[in-house]
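[1] Just a sequence and a predicted model for now, questions to come.
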Amino acid sequence: MSFDLLSYVSTSTMLKNKSRHIGENATRNVLLISAIASLGLTACSPSQMSKPLPAETNSTVNQDSAVVSESIMASPSVKRAVTSQQMMRSAVQTNIVRPSPRIIVTPEAKDNYQKNEANPVHRTTDMAVSTLSIDTDTGSYANVRRYLNEGQLPPIDAVRVEELINYFNYQFDDGKRMGRAPFVVSTEVVDSPWDKADQDNKIVKVGIKAVDNSWSQKTDKQSMPPANLVFLVDVSGSMSSRDKLPLAQSSLKLLTEQLRAQDSISIVTYSGSTSVALPATSGDQKAKILAAIEGLNASGSTNGEDALKLAYRQAEQGLKENGINRIMMLTDGDFNVGISDVDEMLDLVKANRDRDISLSTVGFGRGNLNDHMMEQMADNGNGNYSYIDSLTEAKKVFGEELAATFNTVAKDVKVQVEFNPDVVSEWRLIGYENRVLAEEDFNNDKVDAGELGAGKAVIALFEVTPKGQKGLYSDRRYTDSNASTSLNNNQNANELGYLKIRYKSPTGGSSKLVSQPIDKASYALDKANIDTQFAMAVAGFGQRLTQSDYINDWQYSDSTKLAKSSIADRPSSDADGTRRNFVTLTELASALKNSR
């Protein structure tokens with residue numbers, strides 16, 4: 001009896017040890033198979049993981065699974081591990097070759113835009129003066145157009161209202177030459193179209209258009225000074241898509257057709273390395289230039305070593321006295337040009353700007369468009385920021401507006417408006433959020449401002465609330481007697497404000513000042529100048545895109561109607577078709593208005 005009991009205990013212990021040994025081995029197998037499976041799953045896309053195994057593999061697995069011990073398969077985790085192990089072994093036995101899965105990663109949108117809060121409404125008795133730098137960039141308009149043509153509303157921060165307004169050509173038939181300034185000035189006061197029923201706000205337009213008695217009065221290429229152009233081209237792998245390097249090459253080819261014998265062009269490329277793809281070459285050697293453009297290929301990472309410095313060295317070598325010396329950076333937004341510190345890069349741009357080597361930026365494509373940096377670079381380089389979304393836009397920038405793009409007739413142009421507190425109770429500047437200057441910056445020639453190109457027009461719009469009309473601010477019980485000086489019975493009582501414009505000649509030196517009063521007389525919008533009406537349509541459109549709190553119930557369709565009306569009244573205002581294209585964009589935005 002004791003012997004049987006001892007045998008039973010001994011036998012039970014052996015079975016337990018064997019079971020524990022089997023469990024430990026199974027656990028190790030589970031861990032091993034799990035690790036292998038994890039690696040395999042990491043390399044597979046979701047669609048690949050969801051595909052069923054081939055029928056022959058399933059058959060082999062079923063046969064092999066039949067011989068697995070039931071004692072081991074009793075554990076679900078062990079069953080999964082062993083089945084996976086058998087599946088891998090059976091794949092080898094049946095000579096099934098599985099290619100490495102192709103990993104397709106959709107690039108994350110990394111477009112970078114500066115966040116700008118809309119300019120606030122100011123009480124005139126607290127702050128009567130608005131000071132700003134002009135803005136002739138057009139990048140925001142073309143970028144907004146690209147978004148709408150792709151079926152989506154643009155990000156709010158991608159919209160700069162002043163760049164939308166100033167994308168178009170304006171005639172300013174009512175403009176007046178101020179002294180010997182190389183521009184005419186047009187001012188007009190009209191009823192605000194987006195008022196509420198109990199409001200009577202006005203819009204003040206200040207327009208400036210470049211004119212000169214010399215070469216800048218004409219925009220044909222023969223009237224331009226000799227040009228020394230250096231193109232700094234991003235040829236990194238991210239530029240390979242059709243809307244990037246290929247479009248940049250087509251743009252450069254368009255420009256090549258505009259070159260003359262007195263012009264020179266250089267091409268510097270950057271990606272994994274930096275090189276001079278084309279040393280300074282005379283503009284009449286078009287075959288050589290076109291061959292260099294055709295030979296550009298996108299590959300490698302973007303890590304050019306001192307690419308920007310090399311471009312400036314090329315510009316210095318071909319420097320043309322009293323000519324145009326400009327670097328044009330063509331990129332999808334990656335600024336790894338050998339200078340990692342932003343301040344150092346901008347300091348380099350400013351230093352060369354002061355040596356009369358300007359810099360413009362041209363953006364292509366999407367995904368990593370550094371809109372903010374491109375605008376900063378152009379602003380600090382006394383150049384322009386453009387965005388090319390099509391060959392048509394390239395033709396406009398590098399062909400039709402070549403003189404305005406490359407030729408400066410006035411630089412460091414600043415606008416200052418002082419509102420009359422006895423006529424205007426409140427005011428706000430529409431757009432120009434990143435161009436606002438301090439009042440004291442106006443007379444400081446060391447403070448940089450925008451450049452005005454040949455034939456170029458710019459508009460600044462202010463919305464004002466006349467004194468006695470309902471505004472955003474409530475009347476004060478106690479008024480600071482020093483905040484406002486009464487102008488009643490004074491000859492200035494009819495002035496809404498006073499306009500000052502300060503500018504420098506293209507060759508620099510001290511700034512010059514011109515000024516004139518702004519009459520308070522206003523007009524109904526449909527009686528206003530055609531250019532003013534169209535600019536208002538664009539301003540309303542831009543503010544609606546940014547979801548402005550100041551335009552009340554104004555809709556995209558309102559911009560459509562106002563723009564169409566202005567074009568119909570003077571068809572010649574749309575000789576290039578850009579205004580009709582704008583109407584199309586307002587219609588697209590209206591269709592997409594509920595998609596945000």
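    Nice, I can see it.

[2] Dihedrals phi and psi, residue 313?
    Here is the backbone geometry of residue 313 (degrees, to the nearest 10): phi -60, psi -40.

[3] In contact with residue 429, which residues are there?
    Applying C-beta atoms under 8 Å, 6 or more residues apart in numbering to residue 429 gives the contacts 119, 130, 132, 436, 460, 461, 462. Every C-beta, even on glycine, is put in place using the N, C-alpha and C of the backbone.

[4] Likewise for residue 573?
    With the criterion set at C-beta under 8 Å, 6+ apart, residue 573 makes contact with 171, 530, 531, 534, 566, 567, 579.

[5] Of those, just say which sits nearest to residue 506.
    Comparing the contacts of residue 573 against residue 506 with C-beta to C-beta places residue 171 closest, at 23.2 Å.

[6] Residue 537 versus that closest one, what's the distance?
    Using C-beta to C-beta, to the nearest Å, residue 171 is found at 16 Å from residue 537.

[7] And the two? Which one has more around it.
    residue 537 (27 against 17; other C-beta atoms under 10 Å).

[8] In strands, which of the contacts of residue 429 fall?
    130, 132, 460, 461, 462 (DSSP state E).

[9] how many neighbours does residue 380 have?
    18.

[10] Helix, strand, or coil at residue 547?
    coil (DSSP: H, G, I helix; E, B strand; the rest coil).

[11] so what's the residue nearest to it when sequence neighbours are not counted up against?
    Closest residue to residue 547 apart from its sequence neighbours, by C-beta to C-beta, 6 or more residues apart in numbering: residue 156 at 6.4 Å. Residue 156 is in contact with 545, 546, 547, counting by C-beta under 8 Å, 6+ apart.

[12] same deal with residue 299?
    By C-beta under 8 Å, 6+ apart, the neighbours of residue 299 are 235, 236, 237, 240, 271, 272.

[13] Of the residues you listed - the most surrounded one?
    residue 235 (26 neighbours).

[14] Where do the helices of the stretch 251-400 of the chain begin and end?
    286-294, 307-317, 342-353, 371-380, 391-395 (DSSP state H, counting those that start in this stretch).

[15] what's in contact with the fourth one?
    Judged by C-beta under 8 Å, 6+ apart, the contacts made with helix 371-380 from elsewhere in the structure are 111-114, 137, 139-140, 143, 158, 329, 331, 333, 335, 342, 345-346, 349-350, 353, 359-361, 363, 383-385, 387, 434, 448, 450.

[16] repeat for the shortest one
    Contacts made with helix 391-395 from outside it, assessed by C-beta under 8 Å, 6+ apart, are listed as 142, 247, 250, 251, 254, 386, 387, 388.

[17] could those residues be laid out in TSV, adding neighbour count and distance to residue 186?
    Below are the contacts of helix 391-395 laid out as TSV (neighbours: other C-beta atoms under 10 Å; distance: C-beta to C-beta, whole Å):
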residue	neighbour count	distance to residue 186
142	20	25
247	21	36
250	16	36
251	25	32
254	17	32
386	27	25
387	27	27
388	27	30
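
[18] which among these gets closest to residue 442?
    residue 386 (27.8 Å).

[19] what sits against residue 116?
    With C-beta under 8 Å, 6+ apart, residue 116 has these contacts: 157, 160, 433, 434.

[20] again, 6 Å this time
    433, 434 (C-beta atoms under 6 Å, 6 or more residues apart in numbering).

[21] what about it, which helix or strand?
    Using DSSP states H and E, residue 116 is not contained in any helix or strand.

[22] Same check on residue 534?
    helix 530-545.

[23] returning to what we had before: out of the contacts of helix 371-380, which are buried?
    Among the contacts of helix 371-380, the ones that count as buried by 16 or more other C-beta atoms under 10 Å are 111, 113, 137, 139-140, 143, 158, 329, 331, 333, 335, 345-346, 349, 353, 359-361, 363, 383-385, 387, 434, 448, 450.

[24] Mind checking which of those residues land in strands?
    Per DSSP E, those map to strands at 329, 331, 359, 360, 361, 363, 385, 387, 450.

[25] Present those residues as JSON lines; the columns should include pLDDT and distance to residue 519.
    Below are those laid out as JSON lines (pLDDT from 0 to 100; distance: C-beta to C-beta, whole Å):
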{"residue": "329", "pLDDT": "95", "distance to residue 519": "44"}
{"residue": "331", "pLDDT": "93", "distance to residue 519": "46"}
{"residue": "359", "pLDDT": "95", "distance to residue 519": "40"}
{"residue": "360", "pLDDT": "95", "distance to residue 519": "37"}
{"residue": "361", "pLDDT": "95", "distance to residue 519": "39"}
{"residue": "363", "pLDDT": "96", "distance to residue 519": "41"}
{"residue": "385", "pLDDT": "95", "distance to residue 519": "35"}
{"residue": "387", "pLDDT": "97", "distance to residue 519": "38"}
{"residue": "450", "pLDDT": "95", "distance to residue 519": "26"}
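
[26] Identify, from these, the entry nearest to residue 125.
    Of these, the one sitting nearest to residue 125 (C-beta to C-beta) turns out to be residue 450, at 29.7 Å.

[27] residues contacting that closest one?
    133, 134, 135, 413.

[28] mind running it again at 8 Å?
    Counted by C-beta under 8 Å, 6+ apart, residue 450 has contacts 133, 134, 135, 136, 379, 412, 413, 435, 458.

[29] hey, where'd the strands end up in the stretch 151-300 of the chain?
    Taking DSSP state E, counting those that start in this stretch, the strands of the stretch 151-300 of the chain run over residues 176-177, 183-191, 202-210, 227-234, 264-270, 274-282.

[30] which residues sit in contact with residue 195?
    So residue 195 contacts 201, 552 (C-beta under 8 Å, 6+ apart).

[31] still on that earlier bit, so which of the contacts of residue 156 is the closest to residue 192?
    Distances from residue 192 to the contacts of residue 156, taken by C-beta to C-beta, are shortest for residue 546, at 17.3 Å.

[32] how near is that closest one to residue 155?
    Relative to residue 155, and taking C-beta to C-beta, residue 546 is found at 10 Å.

[33] which residues are contacting the helix or strand hosting residue 567?
    Using DSSP H and E, residue 567 sits within helix 556-569. For helix 556-569, the external contacting residues (C-beta under 8 Å, 6+ apart) are 193-194, 525-526, 530, 533-534, 536-538, 540-541, 544, 573-574, 579-580, 582-583, 586-587, 589-590, 593.

[34] cool, stretch 331-350 as well?
    By C-beta under 8 Å, 6+ apart, stretch 331-350 touches 111-112, 232-234, 236, 238-239, 244, 270, 274, 302-309, 312, 359, 361-371, 373-374, 376-377, 380-381, 448.

[35] The residues you listed, buried ones only, as a PyMOL selection?
    Selection of buried members from the contacts of stretch 331-350 for PyMOL, criterion 16+ other C-beta under 10 Å:
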select buried, resi 111+232+233+234+236+238+239+244+270+274+302+303+304+307+308+309+312+359+361+362+363+364+365+366+367+368+369+370+371+373+374+376+377+380+381+448
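
[36] measure stretch 354-370 end to end?
    Terminal residues of stretch 354-370 are spaced 25 Å apart (C-alpha to C-alpha, to the nearest Å).

[37] what's the spacing between it and its chain's center?
    10 Å (C-alpha atoms, centre = their mean, to the nearest Å).

[38] repeat for stretch 149-156
    With C-alpha atoms, centre = their mean, you get 13 Å for stretch 149-156.

[39] again with stretch 347-360
    With C-alpha atoms, centre = their mean, you get 21 Å for stretch 347-360.

[40] Please pull out the lowest mean pLDDT helix or strand from the protein.
    Using mean pLDDT, DSSP states H and E, the weakest-scoring helix or strand in the chain turns out to be helix 46-49, at a mean of 38.

[41] pretty sure residue 258 is touching residue 402, no?
    Yes - with contact defined as C-beta atoms under 8 Å, residue 258 reaches residue 402; the gap is 5.6 Å.

[42] Good, we can wrap up now.
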